[in-house]
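In: here are the coordinates; sequence isn't available:
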């Protein structure tokens, strides 16, 4: 009887260990992202999301043999989802900053960007000095917003926040704001590919960097896999192929 009981317990332990192992292997990571930030992520007419971030994440997942599900819920929603534990990470053109490093662990940088100012076609705004006493549109929790906030006192302008780039652009085109600040590749893509009726002023700041973010002290394994996959797709040329696909 004892031998039967011992055999049963050994079998039960082995079954539990096997189940736990297969569960880890089947884990699907939820990656929260923006829903309208071309060329990094946006929906085509079919509803399919495409862009630099989308292709990079898929390429890294394939390289590292991990399962992912991208959740396109807007930048503010993506950050909230990560903080609440509904997402494992954010990949959404998220700038690495000292302030964010207090809250998140970031991957190695995967894209360098600069902030640019854009105005309506025909506008007489050509410099920051021209913004004095006027209204400037910015997108919540973005590099452009951070930069605008950092200079608004010096140049004496008011900022108004929007949750998405399209609404921010409309605010400037309609004349309700005289300018907006946006990451240069996003602004350039919107003007060249999407017909946004704005022009850049040529004012561009020192580059910053985008990173893949997880909550501080959490998901270290996922972060390591992202870094390893990023290094691999840069080495084999896949990374540059993705960037060229959306920027040339």
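Out: In hand now; what should we look at? Just so we're clear, the structure is a prediction, and the values are computed from it rather than from any experiment.
In: please make it C-alpha for all contacts and neighbour counts, starting now.
Out: OK.
In: could you count how many residues lie near residue 135?
Out: 20 (other C-alpha atoms under 10 Å).
In: and what of residue 203?
Out: Neighbour tally, residue 203, other C-alpha under 10 Å: 14.
In: that one and residue 163: what is the separation?
Out: According to C-alpha to C-alpha, to the nearest Å, residue 203 stands 23 Å off from residue 163.
In: which strands and helices sit next to the helix or strand where residue 214 lies?
Out: Element membership for residue 214 (DSSP states H and E) is strand 213-215. If contacts are counted by 3 or more C-alpha pairs under 8 Å, 6 or more residues apart in numbering; DSSP states H and E, strand 213-215 sits against helix 75-83, strand 89-90, strand 104-106.
In: assumed residue 192 was part of a strand.
Out: No. Going by DSSP: H, G, I helix; E, B strand; the rest coil, the assignment for residue 192 is helix, not a strand.
In: how close does it get to residue 172?
Out: 17 Å.
In: the two: which is more packed in?
Out: residue 172 (22 against 11).
In: you'd agree the more buried one is up against residue 178?
Out: Yes. Judged on C-alpha atoms under 8 Å, residue 172 makes contact with residue 178 at a distance of 5.6 Å.
In: any residues in contact with both of these two?
Out: Residues touching both residue 172 and residue 178 (C-alpha atoms under 8 Å, 6 or more residues apart in numbering) are 119, 120, 137.
In: with adjacent residues omitted, what lies nearest to residue 112?
Out: The spatially closest residue to residue 112, leaving aside those adjacent along the chain, is residue 209, at 4.5 Å (C-alpha to C-alpha, 6 or more residues apart in numbering).
In: name the SS class of the one you found, please.
Out: Per three-state DSSP, residue 209 ends up strand.
In: list the contacts of it.
Out: So residue 209 contacts 95, 96, 109, 110, 111, 112, 113 (C-alpha under 8 Å, 6+ apart).
In: which of these count as buried?
Out: Buried by 16 or more other C-alpha atoms under 10 Å: 95, 96, 109, 110, 111, 113, out of the contacts of residue 209.
In: so who does the residue most central in space within the chain touch?
Out: The centroid of the chain falls nearest to residue 92 when counting by C-alpha atoms, centre = their mean (1.2 Å). Neighbour list for residue 92: 32, 33, 34, 40, 41, 53, 75, 212 [criterion: C-alpha under 8 Å, 6+ apart].
In: pLDDT value on it, please?
Out: Residue 92 carries a pLDDT score of 96 in this model.
In: residue 18 now?
Out: pLDDT recorded at residue 18 is 42.
In: quick one, what contacts the residue lying closest to residue 105 once chain neighbours are set aside?
Out: Using C-alpha to C-alpha, 6+ apart and skipping the chain neighbours, the partner closest in space to residue 105 is residue 216 (4.8 Å). Residues in contact with residue 216 (C-alpha under 8 Å, 6+ apart) are 102, 103, 104, 105.
In: give me the domain ranges for the chain.
Out: What automatic domain parsing lists as the domains of the chain is 24-112+209-247, 115-205.
In: buried residues in stretch 148-161, which are they?
Out: Using 16+ other C-alpha under 10 Å as the test for burial, stretch 148-161 gives 148, 152, 155, 156, 157, 158, 159.
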